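[1] Predicted model, plus sequence, below.
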Amino acid sequence: MQLEVFLEKVSVNHGLNVLVSHLAQAGIEIAALIRQGALQGVTEKMTSTNVQGETQMKLDIRSHELAVAQLRASAVVAGVLSEEEDHPVLFETLDAPFLVSMDPLDGSSNLAINGVVGSIFSVLPNIGVSTLGEQAFLQPGQDQRAAAYLMYGPATLMVLTLGQGTHVFTLDHDSNTFMLTQQTVQIAEETSEFAINASNQRYWAPAMQRYINECLQGADGLRGRDFNMRWCASMVMDVHRILTRGGVFLYPHDCKQPVRAGRLRLLYEANPMSLLVSQAGGESIDGKQPILAIQPDSCHQRVPVLLGAKQEIQRLREYHWQDSDHPQATD
Ligand SMILES: O=P(O)(O)OC[C@H]1O[C@](O)(COP(=O)(O)O)[C@@H](O)[C@@H]1O
Ligand SMILES: [Mg+2]
Ligand SMILES: [Mg+2]
């Protein structure tokens, strides 16, 4: 089933369907660029840096421009917040029904090694950007109307939720259309696989040290079974593995840069991925509280991200509460 047919079937919100189709089109255009590799200067670095102080890749900018153009053309979006721009880009259609927050290119460090990258999108209702300005983007993740990521791997995938389950579409490069290949994905509650950048271990809080040490002790330790580890340095690829075969993805707070709450951004990485994971039966927390319940206070704020298999996230929450000697939060 083609994406547009699926949308007409499951969603009565025509405006949202139009928006999702334009996200898909942006994905098709970005995929075409990526496939050209160095021929399109895909691995080139810019001299500019983004608001996070990160050197921008040429493709960070091109992906941003292609997505902004598609969202503007949809005529149902009032403005876009992007990882690659300090302030939201506001369109003429200021009263349009939706706002979008996006990470136009996720996993940029993988480009130079021809690795997997992606794009991440969060769709929010327009609560009055014409008067509120960028404050209108500071809505908790639970208010999202849709979330999606594009994965530019051996196949090009679009993974989507409109709040009724999480579904996978594969791009048919011959007809340039996305076809439904997996409906209502479910994440197993139990897992023996974790993803974390272990090079940061010495900076982690005791709760994280404890959890990872127990996983590494495996069958010889308290967990009584061996755990496997993966790290792709692309949130899209790590989360897609979890939606496909389970596991947990962990980018916890660390004291490498104590002022920084985490590495990943709440509005265009943590929130959309948390909605996709929770709609597939998984959970996501910042250590103590559900990420989707966090009230954002700035557009590019960072947050610790622990997401995936329910049982592991509940164990991690327990360890974090025990850490801070707070009465254990009960479910
Ligand atoms: O380089 P590290 O510390 O392992 O971090 C990898 C993480 O950073 C990211 O690349 C950040 O995203 P961007 O590439 O969009 O900035 C995530 O995709 C990934 O999970
Ligand atoms: Mg990213
Ligand atoms: Mg990015």
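    Structure received. Numbers count the residues shown, from 1 in each chain. Ligands and ions are numbered 1, 2, ... in the order given.
[2] Once you drop chain neighbours, what's closest to Ile313?
    Ranked by C-beta to C-beta, 6 or more residues apart in numbering and with sequence neighbours excluded, the top spatial neighbour of Ile313 is Glu283, at 4.1 Å. Any C-beta I mention is one placed from the backbone N, CA and C, and that applies to glycine too.
[3] Burial check on the one you found, number of neighbours?
    By other C-beta atoms under 10 Å, the residues close to Glu283 number 25.
[4] The closest residue to ligand 2 within the chain pairs with what?
    For the chain, the residue closest to ligand 2 is Asp106, as judged by C-beta to the ion, at 3.5 Å. Beta bridges link Asp106 to Gly118, judged by DSSP bridges.
[5] what's the weakest-modelled helix or strand in this protein?
    Ranking every helix and strand in the chain by mean pLDDT, DSSP states H and E puts strand 45-49 at the bottom, with a mean of 82.
[6] After that strand, heading C-terminal, what element do we hit next?
    The first helix or strand that comes after strand 45-49 along the chain, using DSSP states H and E, is strand 55-57.
[7] Report pLDDT for Thr82.
    Quick fix: residue 82 reads Ser, not Thr. Per-residue confidence (pLDDT) for Ser82: 97.
[8] Ramachandran angles for it?
    The phi/psi pair for Ser82 (degrees, to the nearest 10) reads phi -130, psi 150.
[9] so it bridges to which residues?
    Beta-bridge partners, per DSSP bridges, of Ser82: Met102.
[10] any weak-confidence spans in the protein?
    Residues of the chain that meet the criterion pLDDT under 70 lie in 326-331.
[11] quick one on the thing from earlier: so who does the residue nearest to Ile313 touch?
    Neighbouring residues of Glu283 by C-beta atoms under 8 Å, 6 or more residues apart in numbering: Val277, Pro290, Leu307, Gly308, Lys310, Ile313, Gln314.
[12] Which one of those is nearest to Asn126?
    Proximity of the contacts of Glu283 to Asn126 was ranked by C-beta to C-beta; the top entry is Pro290 with 24.2 Å.
[13] Could you pull up the residues touching the closest one?
    Ser274, Glu283, Ser284.
[14] Inside strands: which ones of the residues you listed?
    Taking DSSP state E as the definition of strands, those contribute Glu283, Ser284.
[15] ok, the residue of the chain closest to ligand 2 touching Pro272?
    No - between Asp106 and Pro272 there is no contact under C-beta atoms under 8 Å: 10.4 Å.
[16] out of the two, which sits in the busier spot?
    Asp106 (28 against 25).
[17] any idea how far that one lies from Leu222?
    The span separating Asp106 from Leu222 equals 34 Å under the rule C-beta to C-beta, to the nearest Å.
[18] So the strand or helix carrying Arg241, near ligand 2 or not?
    With elements delineated by DSSP H and E, Arg241 resides in helix 235-245, which encompasses its position. No - judged by C-beta under 5 Å from the ion, helix 235-245 makes no contact with ligand 2; its nearest approach is 5.5 Å.
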